[in-house]
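Q: would you be able to build a 3D model of this:
(2 chains)
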Amino acid sequence: MTTGEAATEKASRTGASSVTYRGATKRYPGAETAAVDGLDLEVPAGEICVLVGPSGCGKTTAMRMVNRMVEITEGDILIGGDSVREREPARLRREIGYVIQETGLFPHRTVTENIGAVPQLLGWKKDRIHARAAELMELIGLDPALGDRYPAQLSGGQQQRVGVARALAVDPPVMLMDEPFGAIDPINRERLQNEFLRLQSELRKTVLFVTHDIDEAIKMGDRIAILHDGARVAQYATPAEILMDPADEFVEDFVGADRALKRLALMRVRDISLWKAPLARAGEATAEVRARLAEPDVEVPYALLVDERERPQGWLSGRDLAGERVPERPDSPLGPVLELDDVMRDALADLLQGQSQYAPVVDARGRIDGVLSVEIISEFLGSPEARSEERGAAERPLGAEQPGG
Amino acid sequence: MASGALIAAVGQVGEGFFKERSSDTLPCQSKPSHLFCFDWARENIDRFGTPTLQHFEMVVVAVVVGFAIAFALALLAHRRRWLQPPLLAATGVLYTIPSLAFFFLLLPITGLGRTTAIVALSAYTLQILYRNTVAGLANVPESVRDAARGMGLTDRQILWKVELPLATPEIVAGLRIATVSTVAIATLAVFIVAGGLGTQIYGGGNLTFPTSIIIAGTIAILMALALDLLILLGQRVLTPWRRAVRA
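A: Sure, this is the predicted structure:
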């Protein structure tokens, strides 16, 4: 097998190609400055690279240069090592998925016909197009019965799903997505983002994703390129690196003062070291429980009632422990129960919403693993690692909420 | 010189009518106040057959020719935007020429008869057909065009598979107006001896005997309505997505 064949086989197996900008420049006639000024960027195959920046920074232009919707003035862009400049634009575009904010669905075509648009251009047989459309509709969570509907008969979220399905129709190695979820209400946007991430974990396409929303960038990106004017790269790194170590003031400003909080969105409860609560079982002698609470290194000043499989049942109050034996029903309610896989930001929200200082954290089987407290989170946010910048304004309100007891 | 020929031509036409009419025996003459003479209508209904066919043919040919020209101009202007204002102005000027004047202006070139009528009638359809086609193409949402291009449709494919289907309602709207108005204007073709329902409207004794006008007028109205309906049905078949109800 030649190396060429090997590369082809690898590409077809992973279904993705790298995208490399090599000093790619776009200069519009009559404009003083270049819209995209010598962009160098390497997007590894199978990753989502988010291009983010203020409006007018050239992020969309940079993205549209890949499928030559915008012609490259100087430099080049390589897809899997091949220059896009040597390709015939229409043919090139058929091999690159294209999703835009306004969906751009064909109003006069049914959902199936929309999804089948590129396959039709490539001369697929009707049966194959229908089968592929049905397959994709299932993949993106659309009822295949909607196949005969027209776009106007779908909700905004459904339309955007069709837009994504249409871009995936011929299994392109590269996808371009220009603010694909920008016009969708927040609840559905979140759903679509999650669905796309789930899809991407299976498909592993190389995705160039344009947004102006840093939160979306952090959520969607394997890597984020933060761009200034002229699509100059201010920082190109993973979301965690950008939040922890912004390259300069521009990035800091763009990421926002609440970047410590944003980091919580990237973490799961299992990523932080939890406290241990003294455990108690129904029928146990309260004296033993009280002894455990009195130990010097105890972190949680309340005992947690668990059942025989160590599933948390409730917090024991002083009154519960006043008797001889631990009661079956605790005095105070359990409050929020978190899971190890919960996102930290959501866990914090649960804690604050439940107005409790402590929440038991359980594993996938519901067994107690530890206790998360507001204090743990605020200590984490206050740690040198999280406080690498001085003006962490967002951290202070949290610190203020530190429980006094 | 040319005007002399014109006057002579019109004279001939008038004479033709007069002769035609004078050879008829007119019933209901004892009661001229009658708007409509059923006896006459019953006896003379046959005489409307040929003019109706002529009229229909003239309208259809004129609209088809007009549409072909307007469509080609619109496609050209769609590609080359700078052509849009001059073409709109040119078709607009044609539209403002009074119909009779237009017919007579063409006489020295195309002579009396059907050709002149069709040339003039086609010219009248250009304005509305051209303008609606250009507007229809321009109203295709930019996002749809962008997506089509981004998916790898060529310009020609975008035009035929996306833009023209989406412009169909506007194009058809123009076609309906053009057809209906052509049915009306075609009645004037009689003045250049092109036949049609006009022969039964502008006849010699018709001012005092309106039965023929009423019949010919009614046929013209029915023809306009029928053609309008036919085109509308055609549009419904061509644009099924327009009827799809929002879920």
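Q: which SSE is A:Gly335 in?
A: Using DSSP states H and E, A:Gly335 is not contained in any helix or strand.
Q: what residue is smack in the middle of chain B?
A: Residue closest to the average C-alpha location in chain B (CA atoms, centre = their mean): B:Thr182, at 2.0 Å.
Q: any idea of the pLDDT on that one?
A: Listed pLDDT for B:Thr182 reads 92.
Q: how close does it sit to A:Ala265?
A: Here the criterion is CB to CB, to the nearest Å. By it, B:Thr182 lies 67 Å from A:Ala265. Glycine gets a C-beta too; all of them are placed from N, C-alpha and C.
Q: again, but for B:Ala41
A: B:Ala41 is 86 Å from A:Ala265, by CB to CB.
Q: nearest residue to A:Leu321 other than its sequence neighbours?
A: The shortest distance from A:Leu321 to any non-neighbouring residue, by CB to CB, 6 or more residues apart in numbering or on different chains, is to A:Thr286 (4.6 Å).
Q: can you check A:Ala45 too?
A: Nearest to A:Ala45 is A:Ala16, by CB to CB, 6+ apart, at 4.1 Å.
Q: now do the one you found against chain B, distance only.
A: Noted for A:Ala16: a distance of 19 Å to chain B, by CB to the nearest CB, to the nearest Å.
Q: ok, how many other residues are close to the residue in chain B that chain A sits nearest to?
A: Closest residue of chain B to chain A, CB to the nearest CB: B:Ala147 (2.5 Å). Close neighbours of B:Ala147, defined as other CB atoms under 10 Å in any protein chain shown, add up to 25.
Q: same question, A:Gly283
A: Neighbour count of A:Gly283, defined by other CB under 10 Å: 9.
Q: need phi/psi at it.
A: When read as degrees, to the nearest 10, the backbone of A:Gly283 gives phi 90, psi -10.
Q: look at it and report its pLDDT.
A: The model's pLDDT for A:Gly283 equals 85.
Q: distance of the residue nearest to A:Leu321 from A:Leu348?
A: Distance, A:Thr286 to A:Leu348, by CB to CB: 33 Å.
Q: give the burial count for residue 83, as a bare number.
A: Looking at chain A here, since you left the chain open. For A:Ser83, the neighbour count with other CB under 10 Å is 13.
Q: not quite, I wanted chain B
A: With other CB under 10 Å as criterion, B:Leu83 counts 16.
Q: can you list the residues of chain A near chain B?
A: A:67, A:69, A:90-95, A:98, A:100-109, A:117-118, A:121, A:149-150, A:152-155, A:163, A:166-167, A:176 (CB under 8 Å from any CB of the partner chain).
Q: show me which of those residues are buried.
A: Neighbour-count burial within the residues of chain A next to chain B applies to A:67, A:69, A:90, A:92-95, A:98, A:100-109, A:117-118, A:121, A:149-150, A:153-154, A:163, A:166-167, A:176; the criterion is 16 or more other CB atoms under 10 Å in any protein chain shown.
Q: list the ones among these that fall in strands.
A: Members of those lying in strands (criterion: DSSP state E): A:98, A:100, A:176.
Q: chain center to the helix or strand hosting A:Leu304: distance?
A: If you go by DSSP H and E, A:Leu304 is part of strand A:303-306. Offset of strand A:303-306 from its chain centre (CA atoms, centre = their mean, to the nearest Å): 35 Å.
Q: average model confidence for that strand?
A: In this model, strand A:303-306 has a mean pLDDT of 89.
Q: now for that strand, which elements pack on it?
A: Where contact means 3 or more CB pairs under 8 Å, 6 or more residues apart in numbering or on different chains; DSSP states H and E, strand A:303-306 is packed against strand A:279-281, helix A:286-294, strand A:312-316, strand A:368-373.
Q: kindly export it (C-alpha atoms) in PDB.
A: Only the C-alpha atoms of strand A:303-306 are listed here, as PDB (Å, rounded to 0.1, in the frame of the first residue of the first chain):
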ATOM      1  CA  ALA A 303     -23.900  13.900  59.800                       C
ATOM      2  CA  LEU A 304     -25.400  12.500  56.600                       C
ATOM      3  CA  LEU A 305     -27.900   9.700  57.000                       C
ATOM      4  CA  VAL A 306     -27.400   7.000  54.400                       C
END
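Q: isn't A:Ser373 up against A:Lys276?
A: No - the criterion here is CB atoms under 8 Å, and A:Ser373 misses it with A:Lys276 at 11.6 Å.
Q: quick one: common contacting residues for those two?
A: A:Val300 (CB atoms under 8 Å, 6 or more residues apart in numbering or on different chains).
Q: who's more crowded, the two?
A: Neighbour totals were compared for A:Ser373 and A:Lys276, and A:Ser373 leads with 20 against 14 (other CB under 10 Å).
Q: per-residue confidence for that one?
A: A:Ser373 is assigned a pLDDT of 89 by the prediction.
Q: in the sheet, who's paired with it?
A: Per DSSP bridges, the residues bridged to A:Ser373 are A:Tyr358.
Q: one more: A:Glu42?
A: For A:Glu42, the beta-bridge partners under DSSP bridges are A:Thr20.
Q: which residues touch A:Ala322?
A: A:Thr286.
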